[in-house]
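Asker: heads up, no residue letters with this:
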Ligand SMILES: Cc1ncc(COP(=O)(O)O)c(C=O)c1O
């Protein structure tokens, strides 16, 4: 019996950093510096440099990162934020939790990235931000949004949760807009050992507001200049993230190699639409998403045969209960792809043999 192939295997990454993490955690435990230990600032500095921005502010998770980015821009009730319908629900939650109104738009049918023309057409006098989501590991064409956004005073807030290290025309994820939120959920390209996230920006004022928001509005201990939240990046998580950040470029390269191998193997399989990379993008393959007919049957066949297929995401956000309103048919591309997409296992360390087995089982399902 061959071992099942999971959608993501984090144990391979852990084996590589285990000693470093143990030593780093021992240092934190020795000082009991669990909150705001020096390792947090060290990671923030390293991640800001990696992302090509002046400031990185570590927070508790990616959803908070996006909410704080919006709040730092003073976005709130009465304001509208434009975002793609096909994203993880957290993008919309962040908007709603900031008190603003999410305005969904459709996606490009080839890349599944936000339809920039639809986004620009949705701008009203209430629009305060557009949130391009760098879905599956490639960056949305933010440059198509920027000029019109600048004209209308609309901020570009990147949802960079799935794109750590990705580049667009040489510019790295998290540095293409006014401010960005990212997630270090364990399965992300840069994943912690629990929840974690960060905001990146080169705007010092926005960064300072996020620092206050994450820590009870507190510029100094027991001084509170505004209301905030409790959403700091744990020191123990910062140790893990620093160890992983040192290897992220190599791990992203391994994902690229795995994606190239899937493309080679799947080229010969009929009935599969391969993922499309937008020209100018260096994709980091957070997910390898193909399209097939009879998707649910195919997913079941893969799972029944030990291949961890997943769906990101089965329901566009405008059709989820909390955000229902626009209704079926509002965003046809997002709705159509939601019924056809399927994510094949991809992670640094997946072997060519495993990929061959994934494709063999898939071919069998489609045959
Ligand atoms: C596109 C996107 N946005 C936001 C988030 C939210 O991040 P978190 O789960 O860390 O809150 C995630 C990940 O879960 C995501 O994939």
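Answerer: The structure has been received and is ready for your questions. Values in this document were obtained by computation on a predicted structure and should not be read as measured data.

Asker: backbone phi and psi for the closest residue to residue 10 other than its chain neighbours, please?
Answerer: Leaving aside its chain neighbours, residue 10 sits nearest to residue 186 (6.1 Å; criterion: C-beta to C-beta, 6 or more residues apart in numbering). The way it works is simple: take the backbone N, C-alpha and C, and place the C-beta from them, glycine included. According to degrees, to the nearest 10, the main-chain angles of residue 186 amount to phi -50, psi -40.

Asker: ditto for residue 250
Answerer: Main-chain torsions, residue 250, degrees, to the nearest 10: phi -70, psi -40.

Asker: Residue 200 is in contact with residue 182, isn't it?
Answerer: Yes: the criterion here is C-beta atoms under 8 Å, and residue 200 meets it with residue 182 at 6.9 Å.

Asker: any shared contact partners between these two?
Answerer: Contact criterion C-beta atoms under 8 Å, 6 or more residues apart in numbering; residues shared by residue 200 and residue 182: 160, 174.

Asker: mind listing what the residue lying closest to residue 230 once chain neighbours are set aside touches?
Answerer: Computed as C-beta to C-beta, 6+ apart, the closest residue to residue 230 that is not its neighbour in sequence is residue 216, at 6.3 Å. Residues near residue 216 by C-beta under 8 Å, 6+ apart: 224, 227-230.

Asker: Help me confirm that residue 247 is found in a strand?
Answerer: No: Residue 247 is assigned helix when assessed by DSSP: H, G, I helix; E, B strand; the rest coil, not a strand.

Asker: Give the burial count for the residue nearest to residue 298 when sequence neighbours are not counted, as a bare number.
Answerer: Distances taken as C-beta to C-beta, 6+ apart put residue 365 closest to residue 298, at 4.6 Å, once the chain neighbours are dropped. Counted with other C-beta atoms under 10 Å, the neighbours of residue 365 add up to 20.

Asker: Residue 301 too?
Answerer: 17.

Asker: Where does it sit: helix, strand or coil?
Answerer: Quick answer, by three-state DSSP: residue 301 is helix.

Asker: Test my guess that it contacts residue 363.
Answerer: No: contact criterion C-beta under 8 Å: residue 301 and residue 363 do not qualify, at 10.6 Å.

Asker: returning to that earlier point: Throw together a PyMOL command that grabs the buried residues out of the contacts of residue 216.
Answerer: Here is the PyMOL command that selects the buried residues among the contacts of residue 216 (16 or more other C-beta atoms under 10 Å):
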select buried, resi 228+229
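
Asker: Name the nearest of the contacts of residue 216 relative to residue 138.
Answerer: Distance to residue 138 across these (C-beta to C-beta) is lowest for residue 229, with 30.8 Å.

Asker: per-residue confidence at the closest one?
Answerer: For residue 229, the pLDDT comes out at 98.

Asker: got it, and residue 1?
Answerer: For residue 1, pLDDT reads 62.

Asker: Spit out the contact partners of residue 272.
Answerer: By C-beta under 8 Å, 6+ apart, the neighbours of residue 272 are 266, 290-292, 362, 366.

Asker: Apologies, that question was intended for residue 166.
Answerer: Counting by C-beta under 8 Å, 6+ apart, residue 166 touches 134, 137-139, 172-173, 252, 281-284.

Asker: on that earlier part again, against residue 351, how distant is the residue nearest to residue 298?
Answerer: 21 Å (C-beta to C-beta, to the nearest Å).

Asker: where do the helices sit along this protein?
Answerer: Assigned by DSSP state H, the helices in the chain fall at 11-31, 38-51, 62-72, 89-97, 116-121, 146-152, 204-214, 235-266, 295-304, 332-338, 352-366.

Asker: which of these sits most buried?
Answerer: helix 62-72 (a mean of 28; mean count of other C-beta atoms under 10 Å).

Asker: hang on, the earlier thing: tell me which of the contacts of residue 216 is nearest to residue 339?
Answerer: Of the contacts of residue 216, the one sitting nearest to residue 339 (C-beta to C-beta) turns out to be residue 229, at 36.9 Å.

Asker: isn't the closest one right up against residue 213?
Answerer: Yes: Residue 229 sits in contact with residue 213 when judged by C-beta under 8 Å, with a separation of 5.9 Å.
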